[in-house]
Each structure stands twice: as C-alpha cells, then as structure tokens.
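Colleague: below is the sequence, then the predicted model.
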Amino acid sequence: MKKFLIAITGASGAIHGIKLLESLRPVGNVETHLILSETAEWTIPYETEYSIKQVRELADHSYSNNHMWEAPASGSFYMDAMVICPCSMKTISAIRIGFADNLITRSADVFIKESRKLILCPRETPLSAIHLDNMSYLAHLGICILPPMTSLYTKPTSIDDIVNHHVMKIFDQLNIDYPNGKRWQS
C-alpha cells in the first residue's frame with residue numbers, strides 16, 4: 001500500500017490539488033491523507049464548485065492544519081510521498097527555513113529530515129528573486145518543484161485539459177500511470 005500526503009494551501013489553483021485527490025481515488029493500493037490550510041478552506045469554495053466537506057471526503061484520512069499532534073507530524077508515521085498542491089510562497093519560505101508552525105510545514109519538515117519524496121507545486125506569478133531563491137534552495141535539497149505550467153503541445157481546449165496535464169506530471173513523480181494526460185507524440 002502506497003501512502004500519499006496531499007496538502008492544499010491557499011494559493012490560487014486549488015483545483016489542481018482537488019483533481020489530484022480525485023485521480024488517486026480509483027488507483028488500487030493507494031491511501032491518501034489530506035491537510036487543508038485555513039486559507040485553502042476559503043479559496044476552495046471561492047474558486048471551485050466544491051465544498052470543503054466534498055474535498056475532505058476525497059481523501060481516506062483528513063487532518064486539521066492546526067493539529068500538530070496528528071500522525072503526519074511524526075517521522076515514525078511512514079508515507080511514500082507528500083505533494084503540496086498548490087503551494088503558496090508563504091509555505092515554501094516556511095519550509096525553506098524549517099518554520100514548522102502548522103501541520104503542513106511540520107509534515108514537509110519531516111519529509112525532508114527523513115529523505116522522503118516531497119513535491120511542491122508553486123502557484124505564483126511573476127516570481128520574485130526571493131521566490132526563485134527559496135525554490136532553488138529546496139530543489140538543491142532534492143525537493144521536486146513542479147509548478148502547474150501549461151503545455152501547449154497538448155493543444156488544451158479546457159481548464160480540465162490543463163489541470164489533467166499537471167496531474168499527469170505529479171503522477172509521473174509518484175511512479176503511477178495516469179490515463180487522462182496527453183503525452184508528447186513524435
């Protein structure tokens with residue numbers, strides 16, 4: 001059984017994290033754990049047609065970001081990978097300096113100290129030198145920086161096409177086949 005921790009922060013683009021959760025549901029032998037930031041709980045109903053309850057129900061387990069005693073805060077609670085999607089620049093800066101003041105940043109801190117797969121999907125534009133420096137620092141630690149960038153060779157015709165392509169890229173990092181993405185064909 002593969003265990004994945006999915007965190008959704010308040011950065012714009014919550015649909016990417018939601019689509020990731022939806023896409024992981026039918027995958028056999030996968031267990032999902034979810035943390036929503038307080039700002040994500042505001043952003044999700046603003047940007048999508050989903051309620052917070054609906055998003056939480058997409059995961060096998062869900063935690064409050066304020067509950068620092070939950071299982072993901074411990075290195076002895078093994079999980080295969082953590083994906084923060086979307087990942088705010090505030091979260092990235094907190095991860096970079098080890099400021100583990102909530103369950104998302106503490107869990108990321110655990111993944112770094114335990115040398116586990118950590119994937120950050122930053123959602124910000126334009127990027128400042130501070131943002132770039134923080135992401136470069138984390139990339140040098142082996143953290144995957146995977147922003148939701150549009151691939152036009154897929155000829156997307158909808159937001160769903162764009163989101164599916166990004167989720168496919170996350171699945172690739174998790175070593176899982178994603179049937180809904182378009183790949184480069186020569």
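Modeller: Happy to help now that I have it.

Colleague: so where is the protein shaky, pLDDT-wise?
Modeller: Within the chain, not a single segment meets pLDDT under 70.

Colleague: can you pull out the helices in it?
Modeller: Taking DSSP state H to define them, one finds helices in the chain at 14-24, 38-47, 52-57, 89-97, 103-113, 129-140, 159-173.

Colleague: what is the fourth one packed up against?
Modeller: Read it as helix 89-97. Judged by 3 or more C-beta pairs under 8 Å, 6 or more residues apart in numbering; DSSP states H and E, the packing partners of helix 89-97 are helix 103-113, strand 117-122, helix 129-140. All C-beta spots, glycine's among them, are computed from the backbone N, C-alpha and C.

Colleague: dump the second one to PDB, restricted to CA.
Modeller: Included here for strand 117-122 are C-alpha records, laid out as PDB according to Å, rounded to 0.1, in the frame of the first residue of the first chain:
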ATOM      1  CA  LYS A 117       9.700  12.400  -1.700                       C
ATOM      2  CA  LEU A 118       8.400  15.900  -1.400                       C
ATOM      3  CA  ILE A 119       6.700  17.600  -4.300                       C
ATOM      4  CA  LEU A 120       5.900  21.300  -4.300                       C
ATOM      5  CA  CYS A 121       3.500  22.800  -6.900                       C
ATOM      6  CA  PRO A 122       4.100  26.600  -6.500                       C
END
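
Colleague: related to what we said a few turns ago, let's have the helices of the chain in TSV, adding mean neighbour count and distance to residue 3.
Modeller: As requested, the helices of the chain are exported to TSV (neighbours: other C-beta atoms under 10 Å; distance: least, C-beta to C-beta, whole Å):
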stretch	mean neighbour count	distance to residue 3
helix 14-24	23	11
helix 38-47	16	21
helix 52-57	15	17
helix 89-97	20	20
helix 103-113	22	12
helix 129-140	14	22
helix 159-173	19	15
